[in-house]
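# Fold the stuff below for me.
(one chain, ligands or ions: 1)
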Amino acid sequence: MFADLSRAAALTRDLVRCASVTPEEGGALALIEAVLKPYGFDVHRPVFSEAGTADVENLHARLGTEGPVLVFAGHTDVVPTGDVSAWSRAPFEGAIEDGVLWGRGACDMKAGVAAAIAAVLDHLDAGGKIPGSVVFLITGDEEGPALNGTVKLLEWATARGERFDGCILGEPTNPQAMGDMMKIGRRGSLSFDIEVEGVQGHVAYQHLAKNPIDGLMRLMAALKATPLDLGTPHFLPSNLEFTTIEVGNKARNVIPGAARVEGNIRFNDLWTSVTLGEELKRRLAGVNDVPDYRLVLHPSNAEAFLTPPGPFVELVSEAVQSVTGRKPELSTTGGTSDARFIRNYCPVIEFGVVGQTMHKVDERVAISDIDTLTAIYRRAIERFFRL
Ligand SMILES: [Zn+2]
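Coordinates of the predicted model:
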């Protein structure tokens, strides 16, 4: 029935059938190992640990010993399905109907992993050479805490003496159609809480109490009073959002004793999590009639970064253009990704399939998009190794 299914599409389907919800390996890495080994890849599946989190298995595969070294990175773990009865196809069945593959992880990002593997193997099957090395860095801990995944996999590979020259991460980057968008950086993320201490009392005896909500509102207004910045050539303006306010007071005749707000900032390359934390402190300290408050800055593992347009960005962009006929927008939008770790080792860009259904019920990917992505990766391989 699927006699004409491409290697990339078939591998995506087989990966979708592995129920690899973080931190479960689900058979996905074993499948990749089995596919790569016959082609001479040296494959390792290191398991990483961290106190307080589940152990997670990862995969490192390398073909070749010389440079230059092209890396394809990705993850096989997926987010939970949610209510399975809400899905129109079983999320781990890998159903293919009318040119669409359904299932959790189909677009985020088993298609990206499968397309990269298929691109390399198709190239080899066609008699192509790899005058250098190809490395796959595949983690099972991207959608979870991301502590036992790419960060440690990079350290592990570096400890073995490996160096990388360029990395393509196959996250779904296209909003509508293949060729829309490539990511050359990501904004950073900083979370914070503010707790205000007041004096609880009777609403009719307000002079005997001190309402923390008034003070909290002044602090919140000060944080939002002026924009953090106006954006930079490759980034949107940094943005602060309050995400919850907690007072926990059910009685209308009681002035509460404490109030707190939580928030998150997505910031561009004008800031680091440290300079941004200083800016928050500066803004709060300037408030009139400043209440008793405590600012908590959560540790950030996501600084803003940019892979500046240059030879590697050009190379992948040209590959996209040669296959789709469209020049992709170079973007830094969206949430964080493992590119934030990889960028410390080599230039990294992100390009994958269309991301419309990622993390949703009825996640799915068009088979034709998987095949287009494979063709783009294959072109990038040829360009990278100057073939
Ligand atoms: Zn992803």
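# how many neighbours does the spatially closest residue to Val196 that is not a sequence neighbour have?
With CB to CB, 6 or more residues apart in numbering as the criterion, Val196 has its nearest non-adjacent residue at 4.1 Å, and that residue is Pro212. C-betas here are computed from N, CA, C, even on glycine. By the criterion of other CB atoms under 10 Å, Pro212 has 25 neighbours.
# isn't Pro212 right next to Glu197, touching?
Yes: assessed by CB atoms under 8 Å, Pro212 is found in contact with Glu197 at 6.4 Å.
# Now for the two: what residues contact both?
Residues touching both Pro212 and Glu197 (CB atoms under 8 Å, 6 or more residues apart in numbering) are 257-258, 291.
# Whichever of those residues end up buried, select them in ChimeraX.
Restricted to buried positions by 16 or more other CB atoms under 10 Å, the ChimeraX selection for the shared contacts of Pro212 and Glu197 reads:
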select :257,258,291
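# Closest to the ion out of the shared contacts of Pro212 and Glu197?
Ala258 (38.2 Å; CB to the ion).
# what pairs with that closest one across the strands?
Glu197 (DSSP bridges).
# Hmm, Glu197 and it touching each other?
Yes: between Ala258 and Glu197 there is a contact under CB under 8 Å: 5.7 Å.
# Make sure I have this right: Arg62 is in a strand.
Yes: counting by DSSP: H, G, I helix; E, B strand; the rest coil, Arg62 is part of a strand.
# okay, now Gly67: neighbour count?
For Gly67, using other CB under 10 Å, the count is 13.
# which residues do Ala258 and Glu197 both contact?
Pro212.
# and the residue found closest to Ala86 once you drop the neighbours it is linked to in the chain, what is it in contact with?
Once flanking residues are discounted, Ala86 sits nearest to Val361: 4.8 Å by CB to CB, 6+ apart. Listed by CB under 8 Å, 6+ apart, the contact partners of Val361 are 81-83, 86-87.
# repeat for Val290
Counting by CB under 8 Å, 6+ apart, Val290 has contacts 215, 218-219, 284.
# For it, give me the backbone phi and psi.
phi -60, psi 130 (degrees, to the nearest 10).
# what about the closest residue to the ion within the stretch 151-300 of the chain, how many neighbours?
Of all residues in the stretch 151-300 of the chain, Glu171 sits closest to the ion, at 4.8 Å by CB to the ion. Look at Glu171: counted by other CB under 10 Å, it has 24 neighbours.
# Helix or strand: which one has it?
If you go by DSSP states H and E, Glu171 is not part of any helix or strand.
# please renumber so the chain begins at 40
Got it, the first residue is 40 from now on, which makes the last one we talked about Glu210.
# So it versus Val392, what's the distance?
Per CB to CB, to the nearest Å, Glu210 is found 9 Å from Val392.
# likewise Ser172?
26 Å.
# If you count surrounding residues, which of the two has more?
In terms of neighbours (other CB under 10 Å), Val392 is the more surrounded of Ser172 and Val392; the figures are 27 against 21.
# can you map out the strands along the stretch 290-426 of the chain?
293-294, 297-306, 331-336, 344-345, 368-370, 387-389, 403-405 (DSSP state E, counting those that start in this stretch).
# which of those strands sits most buried?
Highest mean neighbour count of the strands of the stretch 290-426 of the chain: strand 387-389, a mean of 28 (counted as mean count of other CB atoms under 10 Å).
# which helices and strands sit right next to it?
strand 205-208, strand 220-222, helix 350-363, helix 378-381 (3 or more CB pairs under 8 Å, 6 or more residues apart in numbering; DSSP states H and E).
# Which positions in this protein make contact with the ion?
Proximity of the chain to the ion, by CB under 5 Å from the ion, involves residues 147-148, 210.
# And the closest residue in space to Ala145 that isn't next to it in sequence, how close does it get to Thr51?
Once flanking residues are discounted, Ala145 sits nearest to Val404: 4.3 Å by CB to CB, 6+ apart. Distance, Val404 to Thr51, by CB to CB: 7 Å.
# which residues do these two both contact?
What both Val404 and Thr51 touch, as defined by CB under 8 Å, 6+ apart, is the set 140, 145, 150.
# who touches the residue nearest to Gln239 when sequence neighbours are not counted in this structure?
Among residues not flanking Gln239 along the chain, Gly296 sits closest, at 3.5 Å (CB to CB, 6+ apart). Counting by CB under 8 Å, 6+ apart, Gly296 touches 236-239, 251.
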